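Enquirer: Predicted model, plus sequence, below.
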Amino acid sequence: MNPQSELGAFVRARRDRISPGEVGLLDSGQRRVPGLRREEVAALADMSADYLRRLEQGRVLPSHLVLDRLADALRFGPSERTHLQNLADRARGREAPTPADFEVRPTLLRLLDALEPTPAVALGRRCEVLAWNRTGAALDEVVARQPPEERNVARRVILNPTARELYPEWESLAQEVADVLRLNSARFSDDMQLAALVEELLRESPDFQRYWDRQSVFEKSYGVKVLEHPKVGRLELEYESFEITPLTGEVLIVYTAPSGSATAEALEDLADLASERAALSTRRDGGSRTPPSRPRYGRAAHGRGLDRNP
């Protein structure tokens with residue numbers, strides 16, 4: 001789908017999913033279409049219904065002013081506005097080149113070490129693991145056991161059946177994965193590895209196809225992630241996400257729990273397990289390996305050089 005048609009499809013999908021009450025309109029309960037009627041959105045955005053129809057069909061490219069009015073009418077949040085603008089920029093031929101793959105800085109590694117025993121993970125725009133600390137790696141043992149170049153959270157969540165056992169709220173997490181990838185796909189449209197990842201997930205997972213077709217977007221900032229960890233039990237983790245380098249799509253995610261909570265106690269147990277495992281690995285290798293708090297990290301594009309045993 002070309003960017004102009006994708007922009008129209010995005011607007012249409014968002015129109016279908018917003019209720020009259022959300023924009024201050026009365027709902028008679030006798031609607032034949034989901035969401036808002038085209039005439040209602042057109043009136044809210046100060047345009048004709050015919051213009052909105054052609055826009056949704058990908059036949060016109062709106063000005064920035066029109067896009068702003070549409071975003072206001074449909075109550076877009078920051079992520080939706082960013083996505084709408086990215087699609088419009090692509091349709092106008094204003095695509096920014098995808099930045100070079102991130103080289104993990106020593107300062108980031110020191111930060112991850114300093115955060116122990118708080119779990120922390122750095123993710124790239126393709127949901128690949130760039131770096132983590134020991135407790136962060138211990139959150140998902142399946143990913144931690146994979147070769148560094150294969151550590152990808154999107155593939156783990158969507159394609160590995162055991163993800164549903166680890167994540168009791170799998171449906172919402174899988175939708176979040178699709179939404180993050182959609183946002184990044186428009187933002188970094190010439191990233192061929194990102195495009196190949198999306199194609200793979202669409203091909204291999206009907207569920208992902210369904211989530212992708214919802215045309216929603218999401219940018220990690222904060223939230224809650226729930227895990228049923230096989231070693232320490234249920235974890236209800238609150239996370240904050242921080243941009244590592246501007247305009248690259250790489251983020252640092254830090255997971256915490258309220259002091260004294262069951263999750264906080266479980267995190268202490270998880271950190272102890274991670275430390276014990278790292279100490280055993282070091283002794284097994286005769287102390288020749290990098291100390292467990294400082295795993296080796298190479299090029300972040302593919303996670304090369306990541307220590308295989310957290």
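Expert: The structure has been received and is ready for your questions.

Enquirer: For Val224, pull up the helix or strand it's in.
Expert: Val224 is part of strand 222-229, with elements assigned from DSSP states H and E.

Enquirer: What residues sit buried inside the helix or strand following that strand?
Expert: As assigned by DSSP H and E, the chain's next helix or strand after strand 222-229 is strand 233-243. The neighbour-count check on strand 233-243 (16 or more other Cβ atoms under 10 Å) flags 235, 237, 239 as buried. Where C-beta positions appear, they are placed from N, C-alpha and C, glycine not excepted.

Enquirer: Can you tell me which of these is nearest Leu183?
Expert: Tyr239 (17.4 Å; Cβ to Cβ).

Enquirer: Which segments of this structure make up each domain?
Expert: As recorded under automatic domain parsing, the domains making up the chain are 3-91, 106-168+216-284.

Enquirer: pLDDT (mean, whole number) over the first one?
Expert: Put plainly, it is domain 3-91. Domain 3-91 carries an average pLDDT of 90.

Enquirer: follow-up on the earlier one: of the buried residues of strand 233-243, just say which sits nearest to Ala178.
Expert: Tyr239 (18.5 Å).

Enquirer: So what sits opposite that closest one in the bridge?
Expert: Gly223, Tyr255 (DSSP bridges).

Enquirer: So it sits against Lys225, correct?
Expert: Yes: counting by Cβ atoms under 8 Å, Tyr239 does reach Lys225; the two are 6.0 Å apart.

Enquirer: Mutual contacts of these two, please.
Expert: Taking Cβ atoms under 8 Å, 6 or more residues apart in numbering as the criterion, Tyr239 and Lys225 both touch Tyr255.

Enquirer: Not counting sequence-adjacent ones, nearest residue to the residue nearest the centre of the chain?
Expert: Centroid check for the chain by Cα atoms, centre = their mean gives Val180 as the closest residue, at 3.5 Å. Closest residue in space to Val180, ignoring its immediate chain neighbours: Phe218 at 5.4 Å, by Cβ to Cβ, 6 or more residues apart in numbering.

Enquirer: quick one: that neighbour is in a helix?
Expert: No: Phe218 sits outside any helix when classified using DSSP: H, G, I helix; E, B strand; the rest coil, being coil.

Enquirer: my read: it touches Asn184, true?
Expert: No: with contacts counted by Cβ under 8 Å, Phe218 stays clear of Asn184, the gap being 10.2 Å.

Enquirer: Neighbour count: those two, which is higher?
Expert: Asn184 (24 against 19; other Cβ atoms under 10 Å).

Enquirer: can you pull the pLDDT of the closest residue to Leu227 other than its chain neighbours?
Expert: Closest residue in space to Leu227, ignoring its immediate chain neighbours: Leu235 at 4.5 Å, by Cβ to Cβ, 6+ apart. Predicted confidence (pLDDT) at Leu235: the value is 98.

Enquirer: hey, where'd the helices end up in this protein?
Expert: Ranges of helices within the chain are 3-16, 38-44, 49-56, 64-73, 78-91, 106-115, 134-138, 141-144, 153-159, 163-166, 170-187, 192-204, 206-213, 262-284, based on DSSP state H.

Enquirer: Return the most buried member of these.
Expert: Highest mean neighbour count of the helices of the chain: helix 134-138, a mean of 25 (counted as mean count of other Cβ atoms under 10 Å).

Enquirer: Show me what that one is packed against.
Expert: Packing partners of helix 134-138 (3 or more Cβ pairs under 8 Å, 6 or more residues apart in numbering; DSSP states H and E): strand 120-123, helix 141-144, helix 262-284.

Enquirer: Please render the ones you listed as a markdown table that adds distance to Asn133 and mean pLDDT to the earlier fields.
Expert: As requested, the helices and strands packed on helix 134-138 are arranged in a markdown table below (distance: least, Cβ to Cβ, whole Å; pLDDT from 0 to 100):
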| stretch | distance to Asn133 | mean pLDDT |
| --- | --- | --- |
| strand 120-123 | 5 | 97 |
| helix 141-144 | 12 | 95 |
| helix 262-284 | 8 | 88 |
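
Enquirer: And those: which comes nearest Pro230?
Expert: helix 141-144 (7.3 Å).

Enquirer: Point out the other helices and strands that the closest one packs with.
Expert: helix 134-138, helix 153-159.

Enquirer: Cool, thanks, talk later.
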